[in-house]
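# only the shape, not the letters, is given here:
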Ligand code: AMP
Ligand code: MG
């Protein structure tokens, strides 16, 4: 990050594409190397610090997949119905027994296969005759309805990889291995400020020309979804010196400093000046709408990102700049979110060379296809446009028009944050 400026255009210079920005972040951000051990119950969402190799096979022993009768397939004729006397009964949790040759054993789901058997007939497929024998239809493949030891995961296989974000199913796998704790990357510490004289904190008195600060709460919530440890540092006034001091003060204790507002080049956009005096600043004019100006820099060795103040621009640039930075800081190997194809129910015109995001709701059309319906208004200040929609349609740099019926790529909000 320290050499960011070498690669960047000044504000007002050529626009930087989203991919370029993400590439620079990935190349320059150094991952935090501090690990901690957490109980499995606290592991969801954390970034795994080390590979986990299976300490035992899964399943650990060969067992029945159904309730039924275990047999040795070789005992049965393969072209006609047969009947075997029943001997033995194994339930889930009971110890494996040896099968009596030429007999079927009553068995239940999850019970270990009796030694000498290899196939299970489902109880629905058999009947018991007058002599108490189990009548078995022919044609069942040897090995049917059996779950061999290790069929899910082999012992020693790397089953969870360093850098992956643990999901509930990953936590389940660690539990299936008998683990109680896992090593994860420590939480990324992020300091968050809003900037602007027009902002009042919810709960404080609001002057007639003020609005309540909403971005700080949105950004904090998004960071918490990334499992960051967030310091909410309130609102900074539009004044260079106090801004610079506040930023300098938090640099030491944090992995990332995040602000919103004040990054355009208007006379009252003081973040630029504040960061320049507290550290090094680079302003990116990103070729993204909503979005555009994003400031990046280094303050006391700590990466700094200044997002625009308009709530929708703030949201979209968070997704494209802050999220990859936090993931890079935590050494996460997360693949970028994947767009799902949906049918546009709107027409749209745009300039080439800029990536645009259209706020949409999804509906199912009469023919069953999912359609994206565009939010009727476009302002980057409209919080309702984020609240009342399901996600974003991404229109690539080369696209200049969308017609109703076109296939477009949709990102659900849940996939972005
Ligand atoms: P700025 O980027 O500072 O020029 O702000 C652009 C617009 O976003 C202005 O209308 C601001 O009032 C608004 N804005 C800036 N910061 C916030 C915030 N934290 N919450 C809500 N709106 C904001
Ligand atoms: Mg401002």
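On my side now, so go ahead. None of the values given here were measured: they were computed from a predicted structure. Ligands and ions are numbered 1, 2, ... in the order given.

# what comes up buried for the top strand by length along the chain?
Using DSSP state E, we find that the single longest strand of the chain is strand 355-364. Buried positions in strand 355-364, judged by neighbour count with 16 or more other C-beta atoms under 10 Å: 355-360, 362. (C-beta placed from N, C-alpha, C; glycine too.)

# right, and the helix or strand after that strand?
Per DSSP states H and E, the first helix or strand lying C-terminal to strand 355-364 is strand 370-374.

# what angle do strand 355-364 and that next one make with each other?
Inter-element angle recorded for strand 370-374 and strand 355-364: 120 degrees (by axes from the mean of the first three to the mean of the last three C-alpha atoms, to 10 degrees).

# give me the mean pLDDT for stretch 162-181.
Per-region confidence: stretch 162-181 scores 98 on mean pLDDT.

# from the middle of its chain, how far away would it be?
Centroid separation for stretch 162-181 versus its chain: 15 Å, with C-alpha atoms, centre = their mean, to the nearest Å.

# distance between the ends of it?
15 Å (C-alpha to C-alpha, to the nearest Å).

# ok, stretch 278-287 next?
Termini of stretch 278-287 sit 27 Å apart (C-alpha to C-alpha).

# right, is it up against ligand 1?
No - counting by C-beta under 6 Å from any ligand atom, ligand 1 has no neighbours in stretch 278-287; the shortest distance is 12.3 Å.

# and residue 339, what does it touch?
Neighbour list for residue 339: 394, 409-411 [criterion: C-beta atoms under 8 Å, 6 or more residues apart in numbering].

# what about 10 Å?
Contacts for residue 339 (C-beta atoms under 10 Å, 6 or more residues apart in numbering) come out as 391-394, 396, 408-412, 415.

# enumerate the residues of the stretch 301-417 of the chain near ligand 1.
Residues of the stretch 301-417 of the chain lying near ligand 1 (C-beta under 6 Å from any ligand atom): 308-311, 381.

# try it again with 8 Å
308-311, 313-314, 380-381, 383 (C-beta under 8 Å from any ligand atom).

# from the stretch 251-400 of the chain, which residue is nearest to ligand 1?
residue 309 (2.5 Å; C-beta to the nearest ligand atom).

# all the strands of the stretch 301-417 of the chain, in order from the start?
Along the stretch 301-417 of the chain, the stretches classed as strands by DSSP state E, counting those that start in this stretch are 302-307, 340-344, 348-349, 355-364, 370-374, 391-395, 401-402, 407-412.

# thinking again about what came up before, count residues in the vicinity of the residue of the stretch 251-400 of the chain closest to ligand 1, would you?
By other C-beta atoms under 10 Å, the residues close to residue 309 number 25.

# state the distance from residue 124 to residue 67.
9 Å (C-beta to C-beta, to the nearest Å).

# actually, residue 300.
For residue 300, the distance to residue 67 - C-beta to C-beta - is 65 Å.

# distance from the chain centre to stretch 281-299, please.
With C-alpha atoms, centre = their mean, you get 24 Å for stretch 281-299.

# re the thing from before, neighbouring strands of the longest strand of the chain in the sheet, and parallel or not?
strand 288-289 (parallel), strand 370-374 (antiparallel), strand 391-395 (antiparallel) (DSSP bridges).

# just the helices in the stretch 101-250 of the chain please.
168-176, 215-225, 240-251 (DSSP state H, counting those that start in this stretch).

# got the buried residues for the shortest one?
Taking 16+ other C-beta under 10 Å as the neighbour-count basis, helix 168-176 is seen to contain the buried residues 170-171, 173-174, 176.

# assign residue 277 to helix, strand or coil.
helix (DSSP: H, G, I helix; E, B strand; the rest coil).

# I figured it was touching residue 240, is that so?
Yes - Residue 277 lies in contact with residue 240 (C-beta atoms under 10 Å); the separation is 6.5 Å.

# shared neighbours of these two, anything?
With C-beta under 10 Å, 6+ apart, residue 277 and residue 240 have no common neighbours.

# lowest-confidence helix or strand of the protein?
Taking mean pLDDT, DSSP states H and E as the measure, the chain has helix 4-7 as its least confident helix or strand, at a mean of 42.

# other SSEs contacting the following helix or strand past that one?
Counting by DSSP H and E, the next helix or strand C-terminal to helix 4-7 is helix 18-28. Counting by 3 or more C-beta pairs under 10 Å, 6 or more residues apart in numbering; DSSP states H and E, the packing neighbours recorded for helix 18-28 are helix 4-7, strand 280-285, strand 293-299, strand 302-307, helix 311-317, helix 323-329.

# right, and the ones you listed - which one's nearest residue 254?
Shortest distance between residue 254 and the helices and strands packed on helix 18-28, using C-beta to C-beta, is found for strand 302-307: 5.8 Å.

# quick one: buried residues of that closest one?
Under 16+ other C-beta under 10 Å, the buried positions of strand 302-307 are 302-307.

# turn the buried residues of strand 355-364 into a markdown table, including pLDDT.
Shown next, in a markdown table, are these (pLDDT from 0 to 100):
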| residue | pLDDT |
| --- | --- |
| 355 | 95 |
| 356 | 96 |
| 357 | 97 |
| 358 | 98 |
| 359 | 98 |
| 360 | 98 |
| 362 | 98 |
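
# residue 16 contacts residue 320, correct?
No - using C-beta under 10 Å, residue 16 makes no contact with residue 320, being 11.1 Å away.

# returning to that earlier point: and ligand 2, which of the buried residues of strand 302-307 reach it?
Among the buried residues of strand 302-307, no residue sits close to ligand 2 (C-beta under 5 Å from the ion).

# tell me the pLDDT at residue 19?
87.

# separation between it and ligand 1?
Using C-beta to the nearest ligand atom, to the nearest Å, residue 19 is found at 24 Å from ligand 1.

# mind listing what that residue touches?
Per C-beta under 10 Å, 6+ apart, neighbours of residue 19: 287, 320, 355, 397.

# ok, for residue 16, nearest residue in space, not its chain neighbours?
residue 284 (5.1 Å; C-beta to C-beta, 6 or more residues apart in numbering).

# the one you found pairs with what?
Here residue 284, judged by DSSP bridges, has bridge partners residue 294.

# find me the pLDDT at it, would you?
For residue 284, the predicted pLDDT is 82.

# number the chain from 190, please
Let's use 190 as the start, then, which means that last one is residue 473.

# can I assume it is in contact with residue 510?
Yes - contact criterion C-beta under 10 Å: residue 473 and residue 510 qualify, at 8.2 Å.
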